[in-house]
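Novice: Here is the input, now give the coordinates:
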Amino acid sequence: MKFFTDRHKIEYPMLADPGSKTIRAYGVYNHEATGMQKGFARPGYYFIDRNGVIREKFFEARYRERLTGNSIISKLFPELGQEVTDTVEAPHLQLALEQSDRAGVPGTRVTISAVVRLPADVHVYAPGVHGYKPIQLVMEAVPQLELKPAVYPASRTLYLPAIKESVPVFEGTFRISMDVRVSSSSEFWGSLGKDGKVFTIAGRLEYQACDKTMCYLPTSVPVKWQLQVSPLDRTRAPVNIRHK
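Specialist: Residues are numbered from 1 along each chain as shown. You can find the predicted model right below:
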């Protein structure tokens, strides 16, 4: 463990757990792992408050898939856990593109977001509306990247007295987020080479903005993020200190 932490300049405390006693006590022993990973914990996160109470936990069904620390922070505290990577000119709204991480490795799961800021008295329709065009993040498929379904905030119901209808809408500032998982297949590892590859995650934001007097024409705005994927660190520790 010291060999690994020294090479990666990790400064926070890490726990050596010979015999896997601690991870068994916490119920995170990975019974599926074999070979070099036998006896390891299932990777995951606990969010513990200042009183020592576990408030959230984040674990994946597949042990080769793991959220990054930044992606966890982006879920718990969206205003803290993401970095603005671009701003996009868009009719009737301001659009900022964010991502939890600019880089990852095979199995990494990062979060990308589109932050929409609407002027006062302007709204867009939320998913689930009938008879109107809702705002939606439409993404292009990327080989070796799995794009999870977009997550939208809770909408509010707006009553339109002119047509006597109630519709779900978004107003003000809101965030649309999506998790992106990098493939963990051995074939993908081998294709990355020494320096890794940069992947472009592209799509479009579709919406129709309305104010108190009119609805504007439906609009589609291109969006994109970039993710640097590096090969996994497969360096073995010296033979005399390897896990037996």
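Novice: Now do the closest residue to Ala33 other than its chain neighbours, the pLDDT please.
Specialist: Leaving aside its sequence neighbours, Ala33 sits nearest to Phe40 (CB to CB, 6 or more residues apart in numbering; 5.3 Å). For every residue, glycine as well, the C-beta is placed using N, CA and C. pLDDT for Phe40: 83.
Novice: separation between Phe40 and Asp17?
Specialist: Phe40 sits 9 Å away from Asp17, taking CB to CB, to the nearest Å as the criterion.
Novice: Mutual contacts of these two, please.
Specialist: Ile23 (CB atoms under 8 Å, 6 or more residues apart in numbering).
Novice: circling back: and the residue nearest to Ala33, what are its phi and psi?
Specialist: Main-chain torsions, Phe40, degrees, to the nearest 10: phi -90, psi 170.
Novice: What is the burial count for it?
Specialist: Residues near Phe40, counting by other CB atoms under 10 Å, number 16.
Novice: Can you name the residues that contact it?
Specialist: Applying CB under 8 Å, 6+ apart, the residues contacting Phe40 are 20, 23, 30, 33.
Novice: would you turn those residues into TSV with pLDDT?
Specialist: Below are these laid out as TSV (pLDDT from 0 to 100):
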residue	pLDDT
Ser20	88
Ile23	90
Asn30	86
Ala33	80
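Novice: From those residues, pick the one nearest Gln208.
Specialist: Taking CB to CB as the measure, Gln208 lies nearest Asn30 of these, at 47.5 Å.
Novice: in this protein, which segments are predicted with low confidence?
Specialist: For the chain, residues meeting the criterion pLDDT under 70 lie at 63, 81, 243-244.
Novice: For Ser230, list the residues it contacts.
Specialist: Residues counted as contacts of Ser230 (CB under 8 Å, 6+ apart) are 103-105, 192, 195-196.
Novice: Just among the residues you listed, which is most surrounded?
Specialist: Highest neighbour count within these: Gly104, with 23 neighbours (other CB under 10 Å).
Novice: my guess is that residue meets Val229, correct?
Specialist: Yes. Assessed by CB atoms under 8 Å, Gly104 is found in contact with Val229 at 5.6 Å.
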